[in-house]
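A.B. asks: give the three-dimensional model of this entry:
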Amino acid sequence: MQTINIETNQHDDYQVRESYRNLRTNIFLSGKDTKVVMFTSCGPNEGKSTVTMNLASSIADGGKRVLFIDCDLRKSVLVGRYRVKKGVKGLTHFLSGQNTLEEVIYQTNVPDMDVILAGPVPPNPSELLDSPLFKETVRQMREKYDYVIIDTPPLGSVIDAAIVAQVCDGAVLVIAANQVSYKFAQNVMGQLKKTKIKIIGSVLNKVDLSENGYYGRYYGKYYGKYYGSYYGHYNSEESPDKSFEKARNASLARKNTNNASKPVKRQAGSVGEVAARKKANVAGNNTGVRKKPSADEFDGDFLMDYDEK
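C.D. replies: Coordinates of the predicted model:
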């Protein structure tokens, strides 16, 4: 089996590594039956393929055997990005009967990580992905690997991702901050739901953390208020449960007073802007309980914030 050298961009930056470990953990906690996970996006250039490849590498680093399949048969960027030499066979060669499955699976320089690249652009990508051969291949790989991570084309552009969803256990939507409109993201999520696949969540990609300062505001504000209120009201003469109840009631009273003096206005904006407001609302919720999203909030959990330049 030929070996392909891949270079992921998560090895130096601590924040990037931590983001992928967070995403990896969410995949692990999705259930033991969630082994085949597909990634899609609303449109091109949202960093979907980078996120998917780096996640597969992170899963392998976590001690799991993983297979990465590039199902973006229309416009794959991985061969050029990782400078794969000419002559490498891909998924198109196998599904069209030109090569065997063993001939298109390649080892990588990352231990426990194998890949199947896309191959040349076929005239009928949707038909190949909807073939019984592809479905049987995914079934076999499910038995051979701990996880199968599939990179699919943008669902907002072509239908291929919905076809691949039929053989997957879960789906993740990658969204570039301040690049995709909120309405467009909701429409794509609606298309994904129609496939009946389990939606694991969303990745908010290309976030400028230096500008938003999300982590500092969230953890400082949330833990400072929550634990500060609890421990500040606790004393040796009353039980912890009673002290916690007093602290919670005081926190709720302050919240109701603030809400009464500052009415909330519905605002539109890009996914990145709405997500930032959503996170700020979570941070300001003194009870620590995440509120149910309103109609103008994105219907999905953000599994990871990643600053990809």
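
A.B. asks: correct me if wrong: Ile27 contacts Val37.
C.D. replies: Yes. Between Ile27 and Val37 there is a contact at 6.1 Å, judged by CB atoms under 8 Å. Any C-beta I mention is one placed from the backbone N, CA and C, and that applies to glycine too.

A.B. asks: mind listing what Asp160 touches?
C.D. replies: 71-74, 125-126, 129, 152-153 (CB atoms under 8 Å, 6 or more residues apart in numbering).

A.B. asks: among those, which one lies nearest to Ile116?
C.D. replies: Cys71 (8.8 Å; CB to CB).

A.B. asks: which phi and psi does the closest residue to the closest one other than its chain neighbours have?
C.D. replies: Leaving aside its chain neighbours, Cys71 sits nearest to Thr152 (4.9 Å; criterion: CB to CB, 6 or more residues apart in numbering). With angles defined as degrees, to the nearest 10, Thr152 sits at phi -120, psi 160.

A.B. asks: Thr152 contacts Ile159, doesn't it?
C.D. replies: No. The criterion here is CB under 8 Å, and Thr152 misses it with Ile159 at 10.3 Å.

A.B. asks: quick check on those two: which one has the bigger neighbour count.
C.D. replies: The neighbour comparison of Thr152 against Ile159 (other CB atoms under 10 Å) goes to Thr152, with 27 against 14.

A.B. asks: pull the contacting residues for the more buried one.
C.D. replies: Neighbours of Thr152 in contact, by CB under 8 Å, 6+ apart: 38-40, 71-72, 160-161, 164.

A.B. asks: export those to CSV and tack on distance to Gly90 and secondary structure?
C.D. replies: Below are the contacts of Thr152 laid out as CSV (distance: CB to CB, whole Å; DSSP: H, G, I helix; E, B strand; the rest coil):
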residue, distance to Gly90, secondary structure
Met38, 17, strand
Phe39, 18, strand
Thr40, 19, strand
Cys71, 10, coil
Asp72, 11, coil
Asp160, 15, helix
Ala161, 18, helix
Val164, 15, helix
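
A.B. asks: as TSV, the residues you listed with distance to Gln186 and pLDDT would be great.
C.D. replies: What follows is the contacts of Thr152, written out as TSV (distance: CB to CB, whole Å; pLDDT from 0 to 100):
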residue	distance to Gln186	pLDDT
Met38	19	97
Phe39	18	96
Thr40	15	96
Cys71	24	93
Asp72	23	91
Asp160	20	94
Ala161	16	95
Val164	21	96
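
A.B. asks: in those residues, find the pair that's most separated.
C.D. replies: The distance between the two most remote of the contacts of Thr152 (CB to CB) is 12.5 Å, for Phe39 and Asp160.

A.B. asks: distance of the closest residue in space to Gln191 that isn't next to it in sequence from Val188?
C.D. replies: Spatial nearest neighbour of Gln191, excluding adjacent residues (CB to CB, 6+ apart): Leu155 at 5.7 Å. With distances taken as CB to CB, to the nearest Å, Leu155 is found 5 Å from Val188.

A.B. asks: the two: who's more crowded?
C.D. replies: A direct count of neighbours by other CB under 10 Å for Leu155 and Val188 places Leu155 higher, at 25 against 22.

A.B. asks: dihedrals phi and psi, the more buried one?
C.D. replies: Main-chain dihedrals, Leu155, degrees, to the nearest 10: phi -70, psi -20.

A.B. asks: before we move on, which element is Gln15 in?
C.D. replies: For Gln15, the element it lies in under DSSP states H and E is helix 14-28.

A.B. asks: wait, what's in contact with Lys198?
C.D. replies: 30, 34, 169-171.

A.B. asks: distance of the residue nearest to Gln191 relative to Ser126?
C.D. replies: For Leu155 relative to Ser126 (CB to CB), the value is 13 Å.

A.B. asks: cool, Phe68 as well?
C.D. replies: 21 Å.

A.B. asks: the two: which is more packed in?
C.D. replies: Counting neighbours by other CB under 10 Å for Phe68 and for Ser126 shows that Phe68 has the greater number, 27 against 17.

A.B. asks: so that one: helix, strand or coil?
C.D. replies: strand (DSSP: H, G, I helix; E, B strand; the rest coil).

A.B. asks: distance of it from Val36?
C.D. replies: For Phe68, the distance to Val36 (CB to CB) stands at 12 Å.

A.B. asks: repeat that for Glu136.
C.D. replies: For Glu136, the distance to Val36 - CB to CB - is 13 Å.

A.B. asks: neighbour count: these two, which is higher?
C.D. replies: Val36 (21 against 12).

A.B. asks: quick check: the gap between the more buried one and Thr137.
C.D. replies: Shown here: Val36 relative to Thr137, a distance of 11 Å by CB to CB.

A.B. asks: tell me who's in contact with the residue nearest to Gln191.
C.D. replies: Counted by CB under 8 Å, 6+ apart, Leu155 has contacts 40-42, 161-162, 173, 188, 191-192.
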